[in-house]
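# requesting a structural model of the entry that follows:
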Amino acid sequence: MNKNEEIAIKRKLLGLSQSGQFVESEKLALYLVEHISTDLEVWFALAQIQRALGKHDLALQSFERVAARKSNIRAQALAAIIPLCIKLGLLDKGVNAAKKQLKIEPQSALPHYQLARMLWKLQHLHQAAEHFKKAILFDPNNAEYNLFWAEVLAYIGDANSTLAQFEHTKTLDTDNDEIHLKHLLFLNYCDELSNEDVFRCHVEFGKRLEARYAKVESFPVKECARKIRVAYVSTDFMRHSVSYFFLPIAKGYDNNQFELYCYSDMPASKADEVTEQLKACSTLWRDVHPLTNEQLYTQIRNDEIDILVDLAGYGGMKSRMPVFARKAAPVQVTYLAYPNTTGLTRMDYRIVDEFTDPVGVAETLSSEKLARLKNSFLCYEPEEVSPSIESLPADNTGVFTFGSFNNYLKITDDVIDAWSKILSQVPNSRIYVKASVFADHGLQKDFAARCKSVGIERKRLLLSSLIIDKQSHLSKYNQVDIHLDTYPYNGTTTTLEAMWMGVPTVTWTGESHRSRVGNSIMSNLGLADYIAHTKEEYIDLAVSKANDLDVLRTVRAESRARISESAIMDNKGFVKELENFYRRSMK
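Here you go, the predicted structure:
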């Protein structure tokens, strides 16, 4: 190929690619790289075309060919490699590319941010934090960067800075709902604001959403003969804590009177054996993750859903609250996944019980009508096969082990202070804290420093990260004598898992739903003597229970029978009561 021919083909390639004729331009680019394989600009053009065609693996290879050599387009190639690696899940390779790009462009905010996101996913949280700070340094008004920094501060355990950062981020992008969504979620973990202030924040956001849809479209009249059509919207129809409580509903509903629709709002790649179980139980299953809020609203309307149930609130991988704010179904209910009000006036009901939301008190903290189930608002289904419950660990080791397996964000400084006072009063004791963030040893050091500041020595801490295998995870409860709840955001699944494995939870109950789930669980299990109402009671109760090993041995031995015979595992009775509520809500 002579120079004139090369120039002519390159011009043709440019014209084809600019006009969006990518299939033809790819053929031409492949012809060129075959004949002039050292031309990096042609390889770069080929990579762009392959990316446009969705051939991400091939595009990555072509960009890497360009990035392997020094040139004036090397930084551009590296910049293109990073998002491709993120898309393909090749995070280690993406980290390497970002580091190379930063050597060329050390003050470029985007590669710092991308590197931070990848390091965060790889559980290198401390390294990630440094690059988040640099991204904001070089692009201080970027709302996306500032939002993620707020989340980082939450994990570091700096509640005051987190709240301030969320408020600052709102000013950078006033139209961005995601900032408000994540702020509301964090408020559940935070003990810096009153319950009334947290409620007010939810209501303000609810008004913001509903203001976009001033007029609610009318609904067709339901045919009397048609079954009641109940649809559940969730990001967690997989092996997830939400499914432990939803499976009994899906398995036990009365298909003579009800139809069960499942709107699965998670990536198809996350489907597992639990997903298949739920699909088999459903009257109709829809993968709605790719749908916009507008499309989902239209789908729900077209499906003529009678009762639409939110199983995510502001706590899932994403929120569909705008769909509920628009009133997609005649009756709308929020349940299970979110420990607070939605703030929406068009969310008709929130399903609770008298223990989580006391009559005459909780109404002031809810925009929805409270639908109180008779005993427990939860129906639990444990693993079909679980590890055996071993004898009390204190009997075997001579060391008394408290445990906390709750979400790390639930562990406030006030909770750590209470743990310090408990440990100081129980000789030869320690606390076992298990959290996914402890995969990062830097965060372990941070947590140990938080503990040391209130008097807990490192030798009294047993720290471990998330254990993916469920059986191995459950078996870790065999190392715990008493589980300690968190406050103001109580545990749910962890409290029930602990009891299933023979470990009772000392819970600290408050005035709002997020602080009263432990109260509901332990009351329904007939263990109200494990419920504290103040920090001082929480400390005294934990110390008292730790000093009575005979009682702990008995509770341990009877735990599975106790939970199996309780309302929490009365699947049939629970579903019947839930369906009675659904019938009443239709009138």
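# and stretch 105-113, how far apart are its ends?
13 Å (CA to CA, to the nearest Å).
# now it: mean pLDDT?
If you average the pLDDT over stretch 105-113, you get 96.
# okay, buried residues for that stretch please.
Neighbour-count burial for stretch 105-113, counted by 16 or more other CB atoms under 10 Å, picks out 108, 109, 110, 111, 112, 113. To be clear about C-beta, it is placed using only N, CA and C from the backbone, and glycine gets the same treatment.
# ok, stretch 171-179 next?
For stretch 171-179, the neighbour count (16+ other CB under 10 Å) marks 172, 173, 179 as buried.
# for the stretch 101-250 of the chain, what spans make up the helices?
Assigned by DSSP state H, counting those that start in this stretch, the helices in the stretch 101-250 of the chain fall at 109-121, 125-138, 143-156, 159-172, 177-189, 195-210, 241-252.
# go through those and pick out the most buried.
helix 109-121 (a mean of 23; mean count of other CB atoms under 10 Å).
# list the buried ones in the lowest-mean-pLDDT helix or strand in the chain?
Least confident helix or strand, the chain: helix 3-18 with a mean of 82, by mean pLDDT, DSSP states H and E. The neighbour-count check on helix 3-18 (16+ other CB under 10 Å) flags 9, 10, 13, 16, 17 as buried.
# if we can go back for a sec, got TSV for the helices of the stretch 101-250 of the chain, with distance to residue 529 too?
Shown next, in TSV, are those (distance: least, CB to CB, whole Å):
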stretch	distance to residue 529
helix 109-121	42
helix 125-138	39
helix 143-156	34
helix 159-172	31
helix 177-189	27
helix 195-210	25
helix 241-252	25
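# to residue 44, which of the ones you listed lies closest?
helix 109-121 (18.0 Å; CB to CB).
# tell me which other helices or strands that closest one touches.
With contacts defined as 3 or more CB pairs under 8 Å, 6 or more residues apart in numbering; DSSP states H and E, helix 109-121 has these neighbours: helix 74-88, helix 91-104, helix 125-138, helix 143-156.
# comparing the ones you listed by mean pLDDT, which bottoms out?
Among the helices and strands packed on helix 109-121, helix 143-156 carries the lowest mean pLDDT (a mean of 92).
# contacting residues for residue 546?
By CB atoms under 8 Å, 6 or more residues apart in numbering, the contact list for residue 546 reads 400, 402, 422, 426, 429, 481, 482.
# tell me where the stretch 401-550 of the chain has strands.
429-434, 461-464, 482-484, 505-508, 531-532 (DSSP state E, counting those that start in this stretch).
# quick one: closest of those to residue 340.
Comparing the strands of the stretch 401-550 of the chain by CB to CB, strand 505-508 comes nearest, at 17.5 Å.
# could I get the closest one in PDB with only the CA atoms?
Written as PDB, here are the backbone C-alpha positions of strand 505-508 (Å, rounded to 0.1, in the frame of the first residue of the first chain):
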ATOM      1  CA  THR A 505     -29.200 -10.500  71.300                       C
ATOM      2  CA  VAL A 506     -29.200  -7.700  73.900                       C
ATOM      3  CA  THR A 507     -31.000  -5.000  72.000                       C
ATOM      4  CA  TRP A 508     -31.200  -1.200  72.700                       C
END
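# and the buried residues of helix 3-18 as CSV, adding distance to residue 454?
As requested, the buried residues of helix 3-18 are exported to CSV (distance: CB to CB, whole Å):
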residue, distance to residue 454
9, 71
10, 68
13, 66
16, 67
17, 62
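# out of those, who's nearest residue 536?
Taking CB to CB as the measure, residue 536 sits nearest to residue 17 out of the buried residues of helix 3-18, at 71.0 Å.
# for that closest one, which non-adjacent residue is closest in space?
residue 25 (4.3 Å; CB to CB, 6 or more residues apart in numbering).
# tally up the residues packed near that neighbour, please.
For residue 25, the number of neighbouring residues by other CB atoms under 10 Å comes to 24.
# what's the answer for the one 5 residues further on, then?
Applying other CB under 10 Å, we find 13 residues neighbouring residue 30.
# what's the pLDDT at residue 479?
98.
# just checking, it touches residue 432?
Yes - judged on CB atoms under 8 Å, residue 479 makes contact with residue 432 at a distance of 6.0 Å.
# what touches both of those two?
Residues within reach of residue 479 and of residue 432 at once, by CB under 8 Å, 6+ apart, are 401, 403, 462.
# quick check, nearest of the residues you listed to residue 226?
residue 403 (49.6 Å).
# what's near enough to touch that closest one?
When contacts are taken as CB under 8 Å, 6+ apart, residue 403 is in contact with 431-434, 477, 479-484, 498, 503.
# please repeat the previous calculation with a cut-off of 10 Å.
Applying CB atoms under 10 Å, 6 or more residues apart in numbering to residue 403 gives the contacts 393, 430-434, 462, 476-477, 479-484, 494, 498, 503, 505.
# kindly report the same for residue 406.
415, 433-435, 483-486, 489-495, 498, 505.
# tell me the pLDDT at it?
In this model, residue 406 is scored at 96, pLDDT.
# what does residue 317 give?
Looking at residue 317, its pLDDT stands at 69.
# kindly report the same for residue 492.
Confidence score, pLDDT, at residue 492: 97.
# and for it, the neighbour number?
Neighbours of residue 492 (other CB under 10 Å): 22.
# leaving out chain neighbours, which residue sits closest to it?
Excluding its sequence neighbours, the residue lying closest to residue 492 (CB to CB, 6+ apart) is residue 517, at 5.2 Å.
# what distance do you get for the one you found to residue 85?
As for residue 517, its distance to residue 85 is 40 Å (criterion: CB to CB, to the nearest Å).
# same question, residue 480
Using CB to CB, residue 480 is found at 40 Å from residue 85.
# on that earlier part again, from the contacts of residue 406, which would you call buried?
The neighbour-count test (16+ other CB under 10 Å) applied to the contacts of residue 406 identifies 415, 433-435, 483-486, 489-495, 498, 505 as buried.
# now, those residues that are in helices?
Among those, DSSP state H puts 415, 493, 494, 495, 498 in helices.
# list the contacts of the closest residue to residue 375 other than its chain neighbours.
Nearest residue to residue 375, sequence neighbours excluded (CB to CB, 6+ apart): residue 567, at 3.6 Å. Residue 567 makes contacts with 353, 373-376, 378-379, 520, 523-525, 573-574, 577, as judged by CB under 10 Å, 6+ apart.
# show me where the stretch 251-400 of the chain has its helices.
273-281, 293-302, 321-325, 393-397.
# so which of those is the most packed in?
Most buried of these, by mean neighbour count (mean count of other CB under 10 Å): helix 321-325, with a mean of 26.
# export it to CSV, keeping only CA atoms.
Only the C-alpha atoms of helix 321-325 are listed here, as CSV (Å, rounded to 0.1, in the frame of the first residue of the first chain):
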residue,chain,number,x,y,z
MET,A,321,-39.8,6.2,44.7
PRO,A,322,-40.6,8.5,41.8
VAL,A,323,-42.9,5.7,40.4
PHE,A,324,-44.7,5.5,43.7
ALA,A,325,-44.8,9.3,43.9
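# give the other helices and strands that that helix contacts.
Applying 3 or more CB pairs under 10 Å, 6 or more residues apart in numbering; DSSP states H and E, we find helix 321-325 packed against helix 177-189, helix 195-210, helix 293-302, strand 307-310, strand 331-334.
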